[in-house]
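Colleague: Here's my sequence, what's the structure:
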Amino acid sequence: MATLSSDETRKVVPSQRRKLRHPSRRLRIGLAQAVCAIVGLVLAPLAVRAPWDPMFPSTSTAEVMLALAFSTVGLITIIFSLLFAVVQWVYATFSMRLRKFENQPLTWWVFGLAIGIFVYSMFAAALTARAEQVSWVVPGITVIATLLTLVLMRRVQLEAFTSIQLGSALSGLCAEGLSAVTANYPELGDDDATAFPSSQSEPIGTNVVWHGPPAVLQELNETALVSQLDGSGGRCELAVGVGSFLAPGALVATVTGEQPVDLARVFVTGPDRTMTQDPQFAIRLIVDIGLKSLSPAVNDPATACQSMDALEPILLHLAARKLATGALRDRGGVVVVSVPVPTWDQFLAHAVDDLVVCAAPLPTTTRRLDQLLAAVQRAAPASRKPAVEVRVRALHELSPHIGTFGSRQ
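Modeller: I've put the predicted structure just below:
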């Protein structure tokens, strides 16, 4: 892995600096359910003690509360039935890596709200047995929360229906990919067409290996990493980038200087890749859908063309962005961290190479992929056009249909 020499770290211009990335705040499923359950436990005794009129008999109120409490069990069953059905459909039809619906915060908040209603209703029903009358607040909270849950449940159903539609899945992936590119790569300037200069020598320092379980590097807390080395004179050369697989015992970084680096504060890991700092993952999912549609078992070239429609905006957006963003600087403008980031050729290989091979036998997919490459080639700066031209030549050599049936309008 290349390292930055001390002379090269002084060649810092303002346009080369970018805002450091923070890990996104993601919903923890268990936390959502725990919060709703705790709110139900706290709210029940407060509602039972409420003195506001009108008042209702405690016996009939408790019966209503118990009926609503157990009705939420059916709601939970519906949520999980939808979840299992949609996940199985998406895995079989689109990609086993596409986990959009099951990762929707709304799904788990509705589930948590149903648990909160159950806890509140059961606890409130038990507390009302001690009183002759209770305020309207006790059943009112249950009724309002149940109506809210039903409204949100309708949204969950619509989300489930949307998740199994091809157009919605592809447009959602395209939007997330564009958002990830915008968030992680600044606009391309006149002096940004090439990567930040680096030497070819191997870094010398302390090797840091991964001691955790097998995982994927989902996000990188660049702010925490730079702050650990700020002003210390040390540097950190990461050997893995966002989206990389972390195997136990694998080299993940080389640190120079006396300042220790705590990677536990820096790495956000998990079992699957995420798109927040990894636009390549959005590209991978779109390409997966296109490749599956071109398999002999499916043989659906129209779906492959539709996946290329979703892929083209991301590549055009990448063509106009600075990709060499791996040199992270401290407050003094000195490079203290080097992070492996995908190059333009790697983005193209990820997005196009498999499609070139699989799309070449069919006229429809050949024309659409040729149009995609032509559009990207026109939008790319001069230094990036050769990488596109390589793919164009490969497509023309593999496909017998170029120029035979004309262009797709």
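Colleague: which residues of the stretch 301-409 of the chain score low on pLDDT?
Modeller: For the stretch 301-409 of the chain, applying pLDDT under 70 flags the ranges 401-409.
Colleague: tally of neighbours for the closest residue to residue 344 other than its chain neighbours?
Modeller: Nearest residue to residue 344, sequence neighbours excluded (CB to CB, 6 or more residues apart in numbering): residue 384, at 4.9 Å. (Glycine included, C-beta is placed from N, CA and C.) If you count neighbours by other CB atoms under 10 Å, residue 384 ends up with 22.
Colleague: Please apply the same query to residue 307.
Modeller: Counted with other CB under 10 Å, residue 307 comes out at 29.
Colleague: List phi and psi for it.
Modeller: Backbone torsions of residue 307, given as degrees, to the nearest 10, read phi -70, psi -40.
Colleague: So it versus residue 300, what's the distance?
Modeller: Residue 307 is 10 Å from residue 300, where distance means CB to CB, to the nearest Å.
Colleague: Overlap of the contact sets of the two?
Modeller: Common neighbours of residue 307 and residue 300, using CB atoms under 8 Å, 6 or more residues apart in numbering, are residue 293.
Colleague: count of neighbours near residue 294?
Modeller: 22.
Colleague: I believe residue 253 is in a strand; please confirm or correct that.
Modeller: Yes: membership of residue 253 in a strand is supported by DSSP: H, G, I helix; E, B strand; the rest coil.
Colleague: Pull out the buried positions in the longest helix along the chain.
Modeller: For the chain, the longest helix by residue count, based on DSSP state H, is helix 58-93. The neighbour-count check on helix 58-93 (16 or more other CB atoms under 10 Å) flags 58, 61-62, 64-65, 68-69, 72, 75, 79, 82-83, 86-87, 90, 93 as buried.
Colleague: How about stretch 121-128?
Modeller: 121, 122, 123, 124, 125, 127, 128.
Colleague: Quick one: the strands in the stretch 151-300 of the chain, in order.
Modeller: 206-209, 215-220, 235-238, 245-246, 251-256, 267-270 (DSSP state E, counting those that start in this stretch).
Colleague: Deepest-packed of those, please.
Modeller: strand 235-238 (a mean of 25; mean count of other CB atoms under 10 Å).
Colleague: Who are the packing partners of that strand?
Modeller: Where contact means 3 or more CB pairs under 8 Å, 6 or more residues apart in numbering; DSSP states H and E, strand 235-238 is packed against helix 222-229, strand 251-256, strand 335-338.
Colleague: Check what contacts it and list those residues.
Modeller: For strand 235-238, the external contacting residues (CB under 8 Å, 6+ apart) are 1, 3-4, 203, 205, 220, 225, 229, 252-257, 261, 335-340.
Colleague: Please apply the same query to stretch 171-182.
Modeller: Stretch 171-182 is contacted by residues 98, 100, 275-279, 282-283, 285-286, 310-311, 313-314, 317-318, 321 when judged by CB under 8 Å, 6+ apart.
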